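Undergrad: my questions concern the predicted model and sequence given below.
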Amino acid sequence: MNALVEPIALPDPAFPPHARTYRYDEVDREFLQERIAEFSDQIARRLGGELTEDEFKPLRLMNGLYLQLHAYMYRIAIPYGILNATQLRQLAMIARRWDRGYGHFTTRQNIQFNWTRLEDVPDIMRALADVDMHAIQTSGNCIRNTTTDEYAGADPEEAADPRIYAEIIRQWSTLHPEFTWLPRKFKIAITGAPQDRVAMQVHDVGLVVKRDAAGAIGFEVWAGGGLGRTPVLATKLRDWVPEEALLAYLEAVLRVYNALGNRDNIYKARIKILVRDLGEEFRERVEREFARLPQPTYRLDPEVVADIAAHFAPPPFARLTDAPPAYAAALAGDAAFAAWAKQSVRAHRQPGYASVTISLKPIGGIPGDASAEQMEAVAALAERHGFGEIRVSHVQNLVLPHVRQEDLPAVWQGLREAGLATPNIGLVSDIIACPGMDYCALATARSIPVAQMISERFADLDRQHAIGECFINISGCINACGHHHIGHIGILGVDKRGAESYQITLGGSATNDAALGELVGPGFPYDKVTDAVETILRTYLAERAAGERFVDTYRRIGLGPFKEALYAGA
Amino acid sequence: MPVLDAKGHLVADAWVRVADDAPLPDAPALLSLARLRAEAAAGRNAPLGLLLDPATQPEEIAELLPRLALIAVLLPKSKDGRAFTQARALREHFGFAGEIRATGHVLPDQWRMLQRCGVSTVELPEGADAAQWQRSRAVVDIAYQPAQDGPLPPGGGLGLRRRLAA
């Protein structure tokens, strides 16, 4: 057995030198070429009849290829949501050359192309591999892209850097021999910040990276969260798994799930059902497996961690101070800039720097969509002002994590020119919506047009600011890809005797105060759902106490006043 | 049915599947768990094998392992991956050193992974194309995690990654 022990390759000159993406070396690149050869062979065997469609389907799904309503959809992995500018430019090229000039960023921090032709897939795979990208395990009953905090490495409050462990999990889970034919898909989210921005409690496994009093790294491990038809918040399995045991503990969780998860009914096959049904016994089984597996085999070597951590070292920050004159002057002198900065600019751990969130939610637009030109504009801004690094957030926006505060006016100008400066981050028009009946074969109702109607109704920014933080999530079927259960206002479109009907839940949350929303009452028809949202928000404005967000008011007063306002006289 | 050996060659199957109510032949015999438990097997020289149900946990058969020369794991459908965990557990937790054979609906694309979990052979339908199995097994030879295929790389470096034996 030739073990590979090699130093990390020097940065490729074609890539932005300071972007903190994991840098491939020739072995990682060889692996991608092998995977392309494997999938090309599988496509040929399908076309030649050696593989049945039933046999081929899981193989194509594990390579990111779905069959949608109108065409194939190709979902490309953006590991833990981190891209460099070269990669984003390549995605723009793919959008233009093989799709319809745009792409759709997802809640799993990936990107989807909705109009892919099967015969183009090998070429697209090669174009992705040219920039060290792929579509491996973006679908199928395997371990999917691990998601993390879009402000990782920039957040002033972060206890430990989750990107290092997300990359370790990415490698460990890639073509894992035991966990590639699981009962159902498996999603892991990891955060290192006290404020949960990854919806950790609605994942199959949620991890919190922590430090103990001595500074050693360990993980809080949660399991069995999920949305879909049966929304469940995760159960905490462990307060502390030491760093070196991370993979051993994950092995134990996955082994129990693979052995005992339901194989007969896909709606009962997620780990959440097993955790719920076994209760305390699930934890006991995981602990038993963890205790008996050979720890040295699965030990996460500190040197491995150090090698991976080197990829995510801080970029070469300049020594600056906060609130430089150019930034302060622009804030004072330009109300439009100030309104954008209020929503989009976030404090950074490094003095003189900030993180910028770029809204992919223009008023009346499709949440998460970006055109090839917009991707190129963001890539150029990242190169000029942000070390060539871009993040995708699980709210379907983009982030430039490290921008000099003095550059913020220029970044804003650049974003404005690209139609990317909508100052609505965290407000009612910053909506998460699934593709719905416009693209998806599973959908029972439209969701994109509902998002567009709501966004247009609340187009007035002053009104959005008056309402304040409020997350609206829209799903076009009970599979809940728009995460409606965890929206402050959740909207679920269903088919009711041939007509679309939209059920509304209130009070959901996916952060530290995670909660599933409560159904407010009977559903609303397509043309009345925007009115219903407006009624809910008017009720909130009338009832709110000073300083309360929508969800705070809801938690204080409950469903009653909202029900009354919505259904009075009905 | 032919059997694919570890190197990808088709060989004749020396084992006989024995129904629960049939007499035990004087040849290597594959039995259900119920039959195996019922069979005293004392004094028997010909090897015994077990048809392991995907729902049976390896710990339930731990006391039988010393008597077994072969365990046949089953993929009822190619996407039902319980056999991968069973095989790994048999090797890792119980040190089972006999043959583990994958049976049922197995794809060439799964063979390398089955081997990495400790499976030794695959039962194939008549007329199976061994060359395709060899190609599918060889195409990806870089792995990113420990499995039942050898020790960890010596300390340091990218310890998760290794190149698999040919």
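TA: Okay, I see it.

Undergrad: do a quick rundown of the helices in chain B.
TA: Assigned by DSSP state H, the helices in chain B fall at B:33-38, B:82-92, B:111-116, B:130-139.

Undergrad: export those helices as CSV, with columns for distance to chain A, mean pLDDT and mean neighbour count.
TA: Using the backbone N, CA and C atoms, a C-beta is placed for each residue, glycine as well. Conversion of the helices of chain B to CSV gives the following (distance: least, C-beta to the nearest C-beta, whole Å; pLDDT from 0 to 100; neighbours: other C-beta atoms under 10 Å in any protein chain shown):
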stretch, distance to chain A, mean pLDDT, mean neighbour count
helix B:33-38, 16, 90, 14
helix B:82-92, 5, 98, 25
helix B:111-116, 4, 96, 23
helix B:130-139, 4, 95, 17
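
Undergrad: reformat those as CSV; add distance to A:A313.
TA: As requested, those are arranged in CSV below (distance: least, C-beta to C-beta, whole Å):
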stretch, distance to A:A313
helix B:33-38, 55
helix B:82-92, 36
helix B:111-116, 33
helix B:130-139, 35
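
Undergrad: give me the neighbour count for the closest residue to chain A within chain B.
TA: When distances are taken as C-beta to the nearest C-beta, chain B reaches nearest to chain A at B:G81, 2.6 Å away. Residues within reach of B:G81, counting by other C-beta atoms under 10 Å in any protein chain shown, total 28.

Undergrad: hang on, it packs against B:L75?
TA: Yes. Applying C-beta atoms under 8 Å, one finds B:G81 in contact with B:L75, separated by 7.5 Å.

Undergrad: and the top strand by length along chain B, which residues are buried?
TA: Scanning chain B for the longest strand, with DSSP state E as the assignment, gives strand B:68-75. Buried residues in strand B:68-75, counted by 16 or more other C-beta atoms under 10 Å in any protein chain shown: B:L68, B:L70, B:I71, B:A72, B:V73, B:L74, B:L75.

Undergrad: now those residues as TSV including distance to A:D552?
TA: Below are the buried residues of strand B:68-75 laid out as TSV (distance: C-beta to C-beta, whole Å):
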residue	distance to A:D552
B:L68	63
B:L70	64
B:I71	59
B:A72	60
B:V73	54
B:L74	54
B:L75	52
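
Undergrad: which ones are touching B:E39?
TA: Applying C-beta atoms under 8 Å, 6 or more residues apart in numbering or on different chains to B:E39 gives the contacts B:L24, B:L31, B:L48.

Undergrad: partner residues bridging the second one?
TA: Taking DSSP bridges, one finds B:L50 as the beta-bridge partners of B:L31.

Undergrad: what sits against it?
TA: Applying C-beta under 8 Å, 6+ apart as the definition, the contact partners of B:L31 turn out to be B:V18, B:D20, B:E39, B:L48, B:G49, B:L50, B:L51.

Undergrad: closest one of the contacts of B:E39 to A:R555?
TA: Distance ranking of those against A:R555, using C-beta to C-beta, places B:L31 first at 61.2 Å.

Undergrad: where does the chain have low pLDDT?
TA: Picked chain A for this. Low-confidence segments of chain A (pLDDT under 70): A:1-13, A:570.

Undergrad: hmm, no, I was thinking of chain B.
TA: Low-confidence segments of chain B, defined by pLDDT under 70, are located at B:40-43, B:150-159.

Undergrad: need the residues of the stretch 251-400 of chain A near chain B, please.
TA: Where proximity means C-beta under 8 Å from any C-beta of the partner chain, the interface of the stretch 251-400 of chain A facing chain B comprises A:255, A:258-259, A:263, A:292-294, A:296-298, A:301, A:303-304, A:307-308.

Undergrad: now with 6 Å?
TA: Where the stretch 251-400 of chain A comes near chain B, counting by C-beta under 6 Å from any C-beta of the partner chain, the residues are A:R255, A:N258, A:A259, A:R263, A:T297, A:D301, A:E303, A:V304.

Undergrad: and the residues you listed, which of them are buried?
TA: Of the members of these, the ones counted as buried by neighbours, 16+ other C-beta under 10 Å, are A:R255, A:N258, A:A259, A:R263, A:D301, A:V304.

Undergrad: quickly note the distance from A:A499 to chain B.
TA: Distance check for A:A499 against chain B: by C-beta to the nearest C-beta, to the nearest Å, it reads 36 Å.

Undergrad: where does that residue fall, phi/psi-wise?
TA: Here is the backbone geometry of A:A499 (degrees, to the nearest 10): phi -120, psi 150.

Undergrad: tell me what it is bridged to.
TA: A:K496.

Undergrad: just give the number of residues close to it.
TA: 11.

Undergrad: the residue lying closest to the residue of chain B closest to chain A once chain neighbours are set aside and A:I266, how far apart?
TA: Sequence neighbours aside, A:W181 is the residue nearest to B:G81 in space, at 2.6 Å (criterion: C-beta to C-beta, 6 or more residues apart in numbering or on different chains). If you measure A:W181 against A:I266 using C-beta to C-beta, to the nearest Å, the figure is 14 Å.

Undergrad: the two: which has the busier surroundings?
TA: Comparing A:W181 with A:I266 by neighbour count (other C-beta under 10 Å), the higher total belongs to A:W181, at 26 against 11.

Undergrad: that one contacts B:S78, doesn't it?
TA: No. Counting by C-beta atoms under 6 Å, B:S78 is not a contact partner of A:W181; they are 7.7 Å apart.
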